[in-house]
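>>> Kindly generate the corresponding structure for this input.
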Amino acid sequence: MAKIYFNSRDELIAVDFERVAVIQANGNYTRIIYINKHEVTLSMGISKVSETLQKHELPTALFIRIGRSCIINHAFMERIDIARQLLVLTDGDGHEIRLNASKQVLKSYKASVTNVKSQPINKNTQI
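Reported below is the predicted structural model:
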């Protein structure tokens, strides 16, 4: 898969969204967290990153917004634990990211996954 390039005044950053697990808002910046926990910070808000995702075809990565400040790659989702308010993302090769989320967000996400069953979830869907 081709990388998506983000250009700012002083930098050009290439992001391989096939390996991105989490996209998190951080004020006017956005943290891109790869499944191996490598992080890149973009000097733009999460809304602009989301718009860029919508413009590009990402065939294997399914990005789902699970709140105002967080987008996850559904392809890495392994477990939703509502009681512990925990979402676990993994690649099956020993890399794991644990995210805390509200019970309401996790219930909505779980319902969208179980209701869809074998159909893919639309990328950039807001839960």
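
>>> Now do the longest helix along the chain: which elements does it pack against?
Looking across the chain with DSSP state H, the single longest helix is helix 103-116. With contacts taken as 3 or more CB pairs under 8 Å, 6 or more residues apart in numbering; DSSP states H and E, helix 103-116 sits against strand 63-67, strand 77-81, strand 86-90. Using the backbone N, CA and C atoms, a C-beta is placed for each residue, glycine as well.

>>> Would you mind giving these as a markdown table with mean pLDDT, distance to N115 and mean neighbour count added?
As requested, those are arranged in a markdown table below (pLDDT from 0 to 100; distance: least, CB to CB, whole Å; neighbours: other CB atoms under 10 Å):
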| stretch | mean pLDDT | distance to N115 | mean neighbour count |
| --- | --- | --- | --- |
| strand 63-67 | 88 | 13 | 20 |
| strand 77-81 | 96 | 13 | 15 |
| strand 86-90 | 97 | 18 | 18 |
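
>>> any chance of those strands in a markdown table, with distance to N100 too?
As requested, the helices and strands packed on helix 103-116 are exported to a markdown table (distance: least, CB to CB, whole Å):
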| stretch | distance to N100 |
| --- | --- |
| strand 63-67 | 11 |
| strand 77-81 | 10 |
| strand 86-90 | 6 |
